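K.L.:
Sequence first, then the predicted structure:
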Amino acid sequence: MTVRKKTIGIGLLGLGTVGTGVFNILKSQAAQIEKKTGVRLEIRKICVRSLKKHRAARASSKVITTRVDDILNDPAVDILVELIGGIHPAKEILLKAFAAGKHVVTANKALLAEEGKVIFLQAARHSRSLGFEASVCGGIPIIQAIREGLASNEISHFLGIVNGTCNSILSAMTQGSVNFETALRQAQEKGYAESDSRLDVDGIDSAHKLAVLARLAFRTEVDFRVIPVEGIRSLSALDIQYAKELGYVIKLLAIGKKTNSGLDLRVHPTMLPTDHPLANVWGVYNAVFLHADQAGDMLFYGRGAGMLPTASAVVGDMIEIAKKIHDGVSSESVFYEPPQKRKVLPIGETVSKYYLRFQVADKPGVLGRIAQTLGRNGISILSVHQKESHPTQSVPVVILTYQARESHLRAALRMIDAQKEVKEKTVVIRVEK
Ligand code: HSE
């Protein structure tokens, strides 16, 4: 009779916000986890950068080390849990961990987005499991849902609010509670923001998560560097206000669509009608709306950042792998097969509806010339809204368009913005339904 391994050894790399959450969940829930799953998760080593730093997690000094090799070389560690983030040295550590026979759980979206190919291959080569639920949408089990629950489906498209920091900032700006800087500071204080918050604000974190989701949903290798990305830094309170008046909200969306000419993947501020399922996702909450061919439309919603939601996803992966070790089941390789590589459409080849705000001199004929230039470039106008006029300053004119190809729009705007009656660079916000 085979003796099944019941206690699974964990090596925790990083004891920051999420690491502390994982430590605390394991401490308080160990008995519950064992009762529910039949496995016991035991922390055997914790690797930190400095022993001097004061920590919220009360770990015994016997398990604390500053040397990663103490985890990699410890035969009592079955699963390495990487929570240090960033590409280097996380990449090298994970490659070594698989080679040393460890399974890995990570929350590292940047690493999977930018170096996913080599990481997944190494896991497959050594028949080890790689859990990465926490890399996208914090506590929402969307990776598991796509990998398993929807495995019999083709996913044609998804729209996601996948960055809690940006959603908190945009929520605050939309609801008029606090300004951009204060909302960002609050997200940093709550442990939602990346250590370099430019990753959040400039849309890069969302693009990392988009690449991970696209890889799974569309079973394709994605070249992260070619995903068009725009953040929320240049969004103005004025456009948020006008959007509201027109019955829309502005969200930073990660968009993934399969089209006949390639994958349409992009991250940018997007206007959504207020009755859209994503329009009422506020604060740190994340949500992904997707279409699966068998199951239809669905919406995943939950806390996308923060200590316990993210730690809960990490622990979920640990349990799944621990159960496999306990049951003697070998790690599946189906998700690690080198997937096909599909072209990511350059932004000029994408198609969208647009909100355009022109700042123009309030003179006869100006609006006519703008409409004519749009028309000549194949852009059809849905509605025109002239805002309050001021005798000495430029007036805002807002135009909503029907669907158009972005390269056509850009060509039209180059001509329009060159006119002397157009006083500022035209604001463009894409609109989704
Ligand atoms: N900075 C990220 C966010 C953390 O705000 O969503 C979770 O990945």
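P.N.:
Ah, there it is. Residues are numbered from 1 along each chain as shown.

K.L.:
and Ile93, that's in a strand?
P.N.:
No - counting by DSSP: H, G, I helix; E, B strand; the rest coil, Ile93 is not found in a strand; it is helix.

K.L.:
Show me which residues of the protein sit near the ligand.
P.N.:
Gly138, Asn163, Gly164, Thr165, Tyr192, Ala193, Glu194, Asp200, Asp205, Gly304, Ala305 (CB under 6 Å from any ligand atom). Where you see a C-beta, it was placed from the backbone N, CA and C, and this is true even at glycine.

K.L.:
among those, who's most crowded?
P.N.:
Neighbour counts for the residues of the chain next to the ligand, by other CB atoms under 10 Å, peak at Asn163, which reaches 35 neighbours.

K.L.:
Could you check the pLDDT of it?
P.N.:
pLDDT recorded at Asn163 is 98.

K.L.:
In helices only, show me the residues of the chain next to the ligand.
P.N.:
Taking DSSP state H as the definition of helices, those contribute Gly164, Thr165, Asp200, Asp205.

K.L.:
So in the chain, where's the weakest helix or strand by average pLDDT?
P.N.:
strand 340-341 (a mean of 80; mean pLDDT, DSSP states H and E).

K.L.:
Tell me which residues of whichever helix or strand comes after it come out buried.
P.N.:
Heading C-terminal from strand 340-341, the first helix or strand you meet, by DSSP states H and E, is strand 351-360. For strand 351-360, the buried set under the neighbour-count rule, 16 or more other CB atoms under 10 Å, comprises Ser352, Lys353, Tyr354, Tyr355, Leu356, Arg357, Phe358, Gln359, Val360.

K.L.:
How about stretch 11-21?
P.N.:
Neighbour-count burial for stretch 11-21 [16+ other CB under 10 Å]: Gly11, Leu12, Leu13, Gly14, Leu15, Gly16, Thr17, Val18, Gly19, Thr20, Gly21.

K.L.:
swap in stretch 411-421?
P.N.:
Result for stretch 411-421 [16+ other CB under 10 Å]: buried residues Ala411, Ala412, Leu413, Met415, Ile416, Glu421.

K.L.:
Need the residues you listed in CSV (columns: pLDDT, distance to Cys47 and secondary structure).
P.N.:
Shown next, in CSV, are the buried residues of stretch 411-421 (pLDDT from 0 to 100; distance: CB to CB, whole Å; DSSP: H, G, I helix; E, B strand; the rest coil):
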residue, pLDDT, distance to Cys47, secondary structure
Ala411, 98, 54, helix
Ala412, 98, 55, helix
Leu413, 98, 52, helix
Met415, 98, 58, helix
Ile416, 98, 57, helix
Glu421, 96, 62, coil
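
K.L.:
The ligand: which of those residues is nearest?
P.N.:
Leu413 (31.5 Å; CB to the nearest ligand atom).

K.L.:
In this structure the closest one contacts Thr426, no?
P.N.:
Yes - between Leu413 and Thr426 there is a contact under CB atoms under 8 Å: 5.3 Å.

K.L.:
re the thing from before, need the residues that contact the least confident helix or strand of the chain.
P.N.:
When contacts are defined by CB atoms under 8 Å, 6 or more residues apart in numbering, strand 340-341 is touched by residues Arg219, Thr220, Glu221, Val222, Asp223.

K.L.:
ok so, going back, in strands only, show me the buried residues of stretch 11-21.
P.N.:
Judged by DSSP state E, the buried residues of stretch 11-21 include Gly11, Leu12, Leu13 as members of strands.

K.L.:
How about the second one, nearest residue that isn't a chain neighbour?
P.N.:
The reference is to Leu12. For Leu12, ignoring the flanking residues on the chain, the nearest one in space by CB to CB, 6 or more residues apart in numbering is Ile46 at 4.5 Å.

K.L.:
pretty sure the one you found is in a strand, no?
P.N.:
Yes - the assignment for Ile46 is a strand, going by three-state DSSP.

K.L.:
That one is in contact with Leu15, isn't it?
P.N.:
Yes - with contact defined as CB under 8 Å, Ile46 reaches Leu15; the gap is 5.8 Å.

K.L.:
Mind listing the shared neighbours of the two?
P.N.:
Phe23, Ala59.

K.L.:
Flag the shaky bits of the chain, pLDDT-wise.
P.N.:
Residues of the chain meeting the criterion pLDDT under 70: 1-3, 332-339, 389-392.

K.L.:
So which residues of it form helices?
P.N.:
17-37, 69-72, 90-99, 109-125, 142-144, 164-175, 180-189, 198-201, 204-217, 237-245, 307-327, 366-376, 406-417.

K.L.:
which strands and helices sit next to the second one?
P.N.:
Taking 3 or more CB pairs under 8 Å, 6 or more residues apart in numbering; DSSP states H and E as the contact definition, the neighbouring helices and strands of helix 69-72 are strand 7-13, strand 40-47, helix 90-99.

K.L.:
how near is Pro228 to Leu265?
P.N.:
8 Å (CB to CB, to the nearest Å).

K.L.:
Which of the two has more residues huddled nearby?
P.N.:
Shown here are Pro228 and Leu265; by other CB under 10 Å, Leu265 has more neighbours (28 against 19).

K.L.:
what about that one, distance to Leu41?
P.N.:
36 Å.

K.L.:
Cys137 now?
P.N.:
23 Å.

K.L.:
Which residue does the stretch 201-350 of the chain have closest to the ligand?
P.N.:
Taking CB to the nearest ligand atom, the stretch 201-350 of the chain has Ala305 as its residue nearest the ligand, at 3.6 Å.

K.L.:
contacting residues around that residue?
P.N.:
Gly138, Asn163, Gly164, Thr165, Ala187, Gly191, Tyr192, Val284, Asn286.

K.L.:
now do 10 Å
P.N.:
Ala305 is in contact with 17-18, 137-139, 162-165, 167-168, 187, 190-194, 200, 205, 284-286, counting by CB atoms under 10 Å, 6 or more residues apart in numbering.

K.L.:
And Gly138, by the same measure?
P.N.:
By CB under 10 Å, 6+ apart, the contact list for Gly138 reads 18, 107, 162, 164, 192, 284-286, 302-313.

K.L.:
try it again with 7 Å
P.N.:
With contact set as CB atoms under 7 Å, 6 or more residues apart in numbering, Gly138 has these partners: Gly164, Asn286, Gly302, Arg303, Gly304, Ala305, Gly306, Pro309, Thr310, Ala313.

K.L.:
what's the burial count for the fourth one?
P.N.:
The reference is to Arg303. By other CB under 10 Å, the residues close to Arg303 number 19.

K.L.:
surely it meets Gly139?
P.N.:
Yes - with contact defined as CB atoms under 7 Å, Arg303 reaches Gly139; the gap is 4.9 Å.
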